[in-house]
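A.B. asks: next comes the sequence, and after it the predicted model I'd like to discuss.
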Amino acid sequence: MPFDGFPPEIIQRIFSLCCGRVAFIVPPFDDSMRSGTTQVTLSLVCSRWREIALNTSTLWGDVMVRYYPRRKPARGPTASFQFVQDWLIRAGVTPISLYIYVYGALESEIAAISQTLLSSFHITNLELESVECHRFLLPTNNSYYLERLHLTLDAELSVPIDAFPPLPEMPSLKELCLCLDLNFFRDLRDIYAIPWHQLRVLNLCGNTWPSQILFNILQQCKSLVGCNLLVKLQSRQHEHDIVLPNLESLVIEIDSTGSADPIIWSLTLPNLRSLNIRFSNQFETKLSLSPDAIVTMAQRSGFNKHLSFFSLCLMKQPVDVRSLLGTMPALKRVQLHGPLMFQPGTFDDLSSGTIGPQLEEIRFGIISNKEIGLLLETVGQRHEKAKAVPDIRPFASVTCSASGSELKSHQQRAKQCSEAFNADVAILMATSDDGSDWESDQDVGEESDSGPDAA
């Protein structure tokens, strides 16, 4: 059957598969840029294709705009956005995903962008980035349908900023990502007006937030399912009781030279499935956190039920592997950078499934030559145990780090172990920080932008 013989709804589906996000630079370099998108190309093939393309609202609802006012022509910012406005009009009532980046814009230019692009469309996914602007680009009062907001405020200006800007009501908002430095604002009262109670996903990126402000916010976040926090512990810590009953995934990055115990003690997370504790201090290499605090949180939260992924950065105090894993029997993946302490019988418990019966992937930091030998033996013993006991899983991936002259010998044994037990076993050469970026696929983070269809 010729392509033109397909019914319109099939052609619409094919067009939708061919078209992705489009990117516009405003003002454009030249008019030819506007005709370089797949959507426009399809509409120029013939009259039937043009009619179908213009009536397929989903083709026009994913747009990226970059505004550089220093290249602004004499006709003014509103006219510069007319083409983008006409483009979005074609989306009709289709949910729109819109990303706008502005650099060094004046207050009048920000107002023009708000009027032409943010005030009259069915926007559900909005990403706004204001860099060195005299006024921030924010959602407008027409935010009833907004479900996801990513807001970046870079205020590196000589003019001081008195207050955190008030945001409009967003009754449908479920996901919020904030990239900003709270030190830019003298008055933070309006930050508490954000509808924290209705959020399901919260991501903080770019700069750390004072722990006291985070404590106050988290107490409102009962609906959170996924969370990524950047925390700066303050000198005076107060114990809190923060229960997040629905939270399933938490990445917590801590920047402090003091103890991180108070924030760990404060959290009760009964439904958590993924936990990643990182350290972001640039001048220190190890986090000051008591392993006992993690064990206490695990026992209080009931990690024995759900937690399947756990990652812990380099610590100042040694981590007792047996005690820690004993509180997390549902773990499938674990990463411990160390320093690690293996009490007598730890490897026997791993072999028999007494601890970590569901573990499939293990990543340890630097361990001793003797411990490497025991770990390699554990892989084979666990493999045999899993054959006899259905509730115990064999190791699929085991990695650790080693230093010294025996590295090559360990690597050869690891290769033999991999071949014998159908597992990925690796002994890595230790680095200065023994770091690696093995992340959970359940971690909450920014969604990557799809590549622009045209620039």
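C.D. replies: Sure thing, it's come through. Numbers count the residues shown, from 1 in each chain.

A.B. asks: tell me the contacts of the residue nearest to residue 219 when sequence neighbours are not counted?
C.D. replies: Counting by C-beta to C-beta, 6 or more residues apart in numbering, residue 219 lies nearest to residue 242, which is 5.8 Å off, once chain neighbours are set aside. (C-beta placed from N, C-alpha, C; glycine too.) For residue 242, the contacting residues are 215, 218, 219, 266, 267, 268, by C-beta atoms under 8 Å, 6 or more residues apart in numbering.

A.B. asks: where does the prediction get shaky in this protein?
C.D. replies: Along the chain, segments meeting pLDDT under 70 span 1-5, 28-36, 70-80, 156-161, 235-240, 257, 281-284, 432-455.

A.B. asks: neighbours of the closest residue to residue 367 other than its chain neighbours, how many?
C.D. replies: Using C-beta to C-beta, 6+ apart and skipping residues adjacent in sequence, the residue nearest residue 367 is residue 400, 5.3 Å away. By other C-beta atoms under 10 Å, 25 other residues sit near residue 400.

A.B. asks: give me the element residue 400 is part of.
C.D. replies: Following DSSP states H and E, the helix or strand that holds residue 400 is strand 397-402.

A.B. asks: which residues touch that strand?
C.D. replies: For strand 397-402, the surrounding residues in contact (C-beta under 8 Å, 6+ apart) are 360-367, 369, 372, 375, 379, 410, 423-431, 434.

A.B. asks: just the buried ones from those residues?
C.D. replies: Neighbour counting over those (16 or more other C-beta atoms under 10 Å) leaves 360-367, 372, 375, 379, 410, 423, 425-428, 430, 434 as the buried ones.

A.B. asks: which stretches of the stretch 351-455 of the chain form strands?
C.D. replies: 361-366, 397-402, 424-429 (DSSP state E, counting those that start in this stretch).

A.B. asks: now those strands in JSON lines, with distance to residue 302?
C.D. replies: As requested, the strands of the stretch 351-455 of the chain are exported to JSON lines (distance: least, C-beta to C-beta, whole Å):
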{"stretch": "strand 361-366", "distance to residue 302": "23"}
{"stretch": "strand 397-402", "distance to residue 302": "27"}
{"stretch": "strand 424-429", "distance to residue 302": "31"}
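
A.B. asks: so which of these comes closest to residue 84?
C.D. replies: Closest of those to residue 84 is strand 361-366, at 45.8 Å (criterion: C-beta to C-beta).

A.B. asks: gap between the residue nearest to residue 367 and residue 355?
C.D. replies: According to C-beta to C-beta, to the nearest Å, residue 400 and residue 355 sit 17 Å apart.

A.B. asks: how about residue 411?
C.D. replies: As judged by C-beta to C-beta, residue 411 and residue 355 stand 27 Å apart.

A.B. asks: compare neighbour counts for those two and give me the winner.
C.D. replies: Neighbour count, other C-beta under 10 Å: between residue 411 and residue 355, residue 355 has more, with 22 against 16.

A.B. asks: list the contacts of the residue lying closest to residue 50 once chain neighbours are set aside.
C.D. replies: Once flanking residues are discounted, residue 50 sits nearest to residue 43: 4.4 Å by C-beta to C-beta, 6+ apart. Contacts for residue 43 (C-beta under 8 Å, 6+ apart) come out as 49, 50, 53, 54.
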